[in-house]
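okay, predicted coordinates and the sequence, questions at the end:
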Amino acid sequence: MAMTNYPDHYSGVCVSARTNTVYVMRVPGSDLDATVTRMAAGWPLLKVTFADVQASDNQLRALVDRIKADTTEWQAKGVAINGLTIAPNGAGVVVETPQWQTAEADIKARYGPLVAEVR
């Protein structure tokens with residue numbers, strides 16, 4: 001529901017079976033919280049917690065695609081992009097490169113604050 005109805009706000013969920021808690025990661029600024037809270041009301045033992053993130057899952061996937069499209073350009077600069085993932089906590093995109101120490105500043109400068117980590 002959240003991916004379909006709130007694509008610019010929904011980032012992801014984590015579930016703790018031990019504590020009966022669903023953690024909803026989302027960009028603030030919509031009625032997603034109210035909708036999820038209303039839907040969860042039917043399960044009184046379920047706890048719902050909301051966590052602010054900078055970007056939606058769609059925005060982070062778009063950044064992954066943008067970086068993938070630039071890999072040839074990075075290779076020409078001597079930087080091998082070996083992996084791109086979305087951080088599980090919704091913090092942004094993780095870029096994996098053996099040249100992380102020398103390329104981190106350039107990568108972050110090019111793609112901005114949605115690059116959570118270069119490693």
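Yep, that arrived. Nothing here was measured: the structure is a model prediction, and the numbers come from that model.

and the spatially closest residue to residue 27 that is not a sequence neighbour, what's its pLDDT?
Of all residues not flanking residue 27 in the chain, residue 9 sits nearest, at 4.6 Å (Cβ to Cβ, 6 or more residues apart in numbering). For the C-beta atoms, the positions are set from N, CA and C on the backbone; glycine is no exception. We have a pLDDT of 96 for residue 9.

give the contact list for residue 9.
Residues near residue 9 by Cβ atoms under 8 Å, 6 or more residues apart in numbering: 2, 26-30, 32, 56.

can we see that at 7 Å?
26-27, 29-30, 32, 56 (Cβ atoms under 7 Å, 6 or more residues apart in numbering).

what's the spacing between it and residue 36?
11 Å (Cβ to Cβ, to the nearest Å).

spatially central residue for the chain, please.
The centroid of the chain falls nearest to residue 90 when counting by Cα atoms, centre = their mean (3.4 Å).
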